[in-house]
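**Student:** model the following, please.
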Amino acid sequence: MKKIYIINLFIIGLFITFCGCRKQENLNILKSEKKNTNAIIPDYFEWEVGDYMPSQSGINILRPWASGANQSFPLIYTTDIKKADGWELVYNTFSTTKSEPSLYFVLYNKYRGLLRGYFYLTPGTPIPSSYIVHSLIPRTGTLPITLTYNANGPYDLGYMNNPPETVNNGVSLTQQFKTTSTGTWYAAEFEMAYDSHVSEKEAASNLITWQINSINASDLAINGTSQGGINGTIAQPNAPGPGIFGSLIQGALDFAGFKALGSLIKQATSEGTKKIFESLQDAAKAGLTGQAKNVVNGIFGGSSGGADSTKQYIHLTTNTTYKLTGTQTDIYSLATPSMVIPGSKNQDIIAAGYSPLYKKALGIVNLSKSPTAYSWSEGNFYTIDHLALIHDYNVMWNPDIINSSPNGATIKNLKQDILIYEDAPYYAPNDGPMEFDGQKTYFKRNIDNLLKTPNSIIELPIEFYDTCSGCDFSSLLWLNRVYAGQKLPNHLLRLTFDVVPNNGAPKSTIVKSFNIYVANTPAL
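**Tutor:** A predicted model of the protein is given here:
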């Protein structure tokens, strides 16, 4: 018995020694990790559960969708928030242990490529305001590809992978909400493009800043027609910052939700404006059935809000140019948080600040290069009497999302169309139905059956103008010239596809268009 007791003591001693060494080893690992990790890891919270945000004792802040919360953002942002539908928590400064001067959290929908930020303005003296402007801009001045889908009509990849002459260096979204003396929630949503090189970019320099500004303005007019206010969001590419008046804006009206379109039709002050909104409503209805109609860019469905179309998610950007006029009297900065773009290199060991909770690359799709059309040359310019699109681009899907895992998704019903607008300086034969996208009439030609192999040649139905009243032949010819390296006017490549989550969540239909460039005739 004594021998057994001694053996047991020996075993216990070995166990204690082993545990002590193991504990020290774990401490050393933690110390090493802490030494190498300078980033702050945000607190995670279940945003769908509970009434209040995480906060220190004695501070109660209702969640943005809670009954009784002050909500200054589109209504769809209160219901379309379910994790099962693809929403993930990316950034968060709310905590039960520490306080931050800027209170916000950001959700990301991995099945739709949407980044949505919620900002809480603490109670205080009200600031004179009539609009809130949310701007998302590069922190370093370089162009993060992730921002380039925002507020654009067609997406411009540039010629031969060189940046276009006018790059999208940010986006500003204007909403008709005011600041108040009580605590208020504000929110905005941005569409992200997939960047296949994001993992090669250092997190310390791959940053975006979310600027939130309050603007006090006396009036708002769109193309000279006074609106008084707006429903939906005015989206401005290439114009980050608080100013909203004076410049021409392409792809200006941005809608999240179906109800905003119906109210705009009722409030339309002219037949032209009414026609634009009616075409967008038709596009929304078609998109919810999985079809692309009257739309260059859009996201439809993906929310488990029920069969009622008014509760379904819709994100539409027009292809119309607007000029906004009014009198701006005051501009106030509410917050300017900077955020690391998820998926960046060393995103957990940045020098200081918060790292993202969601670590994967943003966005769903992109092209490997701009679609390129070729024509016969005449000197250093190209006369558009014969034009062919060469299938030398690849559709790139984000592998972090488009995969066979339970949390991934599958692409179905991919369709590629060439859109050719009627008001081009040449015309197309009537081999497709005409549609109205809110500004221009176009016909579409499906090219899926022609994309058999790389370098497939797709003939584009182009003809010369056959009349030119009051001009000579040289001026007629000039109308039909496009130089190599220039964007082909009034032609777009449009992708339409369904993103079907593997977990059984509702599918999304996404429509995304790209500019086409003219190049030298290739040797095939």
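
**Student:** how near is residue 403 to residue 197?
**Tutor:** 19 Å (CB to CB, to the nearest Å). All C-beta spots, glycine's among them, are computed from the backbone N, C-alpha and C.

**Student:** same check on residue 283?
**Tutor:** Distance from residue 283 to residue 197, by CB to CB: 32 Å.

**Student:** tell me how far the ends of stretch 441-453 are from each other?
**Tutor:** 31 Å (CA to CA, to the nearest Å).

**Student:** for it, which residues meet the burial criterion?
**Tutor:** By neighbour count on 16 or more other CB atoms under 10 Å, the buried set for stretch 441-453 is 442-445, 447.

**Student:** same question for stretch 368-375.
**Tutor:** Those would be 369-375, for stretch 368-375 by 16+ other CB under 10 Å.

**Student:** show me what the helix or strand where residue 134 lies is packed against.
**Tutor:** Residue 134 is part of strand 131-138 when elements are defined by DSSP states H and E. Here strand 131-138 touches strand 171-175, strand 184-191, strand 207-217, going by 3 or more CB pairs under 8 Å, 6 or more residues apart in numbering; DSSP states H and E.

**Student:** residue 158: neighbour count?
**Tutor:** Look at residue 158: counted by other CB atoms under 10 Å, it has 16 neighbours.

**Student:** need the pLDDT of it.
**Tutor:** In this model, residue 158 is scored at 79, pLDDT.

**Student:** worst-scoring helix or strand of this structure, pLDDT-wise?
**Tutor:** Lowest on mean pLDDT, DSSP states H and E among the helices and strands of the chain sits helix 2-36, with a mean of 39.

**Student:** ok, the following helix or strand past that helix: who's next to it in the sheet?
**Tutor:** Past helix 2-36, further along toward the C-terminus, the next helix or strand under DSSP H and E is strand 71-72. Strand pairing for strand 71-72, using DSSP bridges, gives strand 184-191 (parallel).

**Student:** what does the partner strand rub up against?
**Tutor:** Under the contact criterion CB atoms under 8 Å, 6 or more residues apart in numbering, strand 184-191 has outside partners 64, 69-74, 77, 113-121, 132, 134, 136, 147, 149-150, 171, 173, 175, 177, 212, 233, 256, 299, 315, 334.

**Student:** re the thing from before, so for residue 403 and residue 197, which sits in the more crowded spot?
**Tutor:** Each of residue 403 and residue 197 has its neighbours counted (other CB under 10 Å); residue 403 has more, 14 against 9.

**Student:** how close does the more buried one sit to residue 365?
**Tutor:** Residue 403 is 14 Å from residue 365, by CB to CB.

**Student:** ok, residue 354 next?
**Tutor:** With CB to CB as the criterion, residue 354 and residue 365 are 28 Å apart.

**Student:** compare these two and say which is more crowded by neighbours.
**Tutor:** Taking other CB under 10 Å, residue 354 and residue 365 do not tie; residue 365 has more neighbours (21 against 18).

**Student:** ok, that one - contacts?
**Tutor:** So residue 365 contacts 113, 193-194, 395-398, 495, 497, 510, 512 (CB under 8 Å, 6+ apart).

**Student:** out of the helices and strands packed on strand 131-138, nearest to residue 504?
**Tutor:** strand 184-191 (24.3 Å; CB to CB).

**Student:** output the closest one as PDB - backbone C-alpha positions only.
**Tutor:** Listed next in PDB are the C-alpha coordinates belonging to strand 184-191 (Å, rounded to 0.1, in the frame of the first residue of the first chain):
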ATOM      1  CA  THR A 184     -30.100  59.100 -33.000                       C
ATOM      2  CA  TRP A 185     -29.000  56.200 -35.400                       C
ATOM      3  CA  TYR A 186     -27.800  57.000 -38.900                       C
ATOM      4  CA  ALA A 187     -26.900  54.300 -41.500                       C
ATOM      5  CA  ALA A 188     -25.700  54.000 -45.100                       C
ATOM      6  CA  GLU A 189     -24.900  51.100 -47.400                       C
ATOM      7  CA  PHE A 190     -22.100  50.700 -50.000                       C
ATOM      8  CA  GLU A 191     -21.700  48.100 -52.700                       C
END
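
**Student:** okay, the angle between it and strand 131-138?
**Tutor:** 40 degrees (axes from the mean of the first three to the mean of the last three CA atoms, to 10 degrees).

**Student:** average pLDDT across strand 184-191?
**Tutor:** Strand 184-191 comes out at a mean pLDDT of 92.

**Student:** before we move on, what about stretch 330-345?
**Tutor:** 89.

**Student:** for the protein, which segments count as helices?
**Tutor:** 2-36, 259-267, 271-288, 473-479 (DSSP state H).
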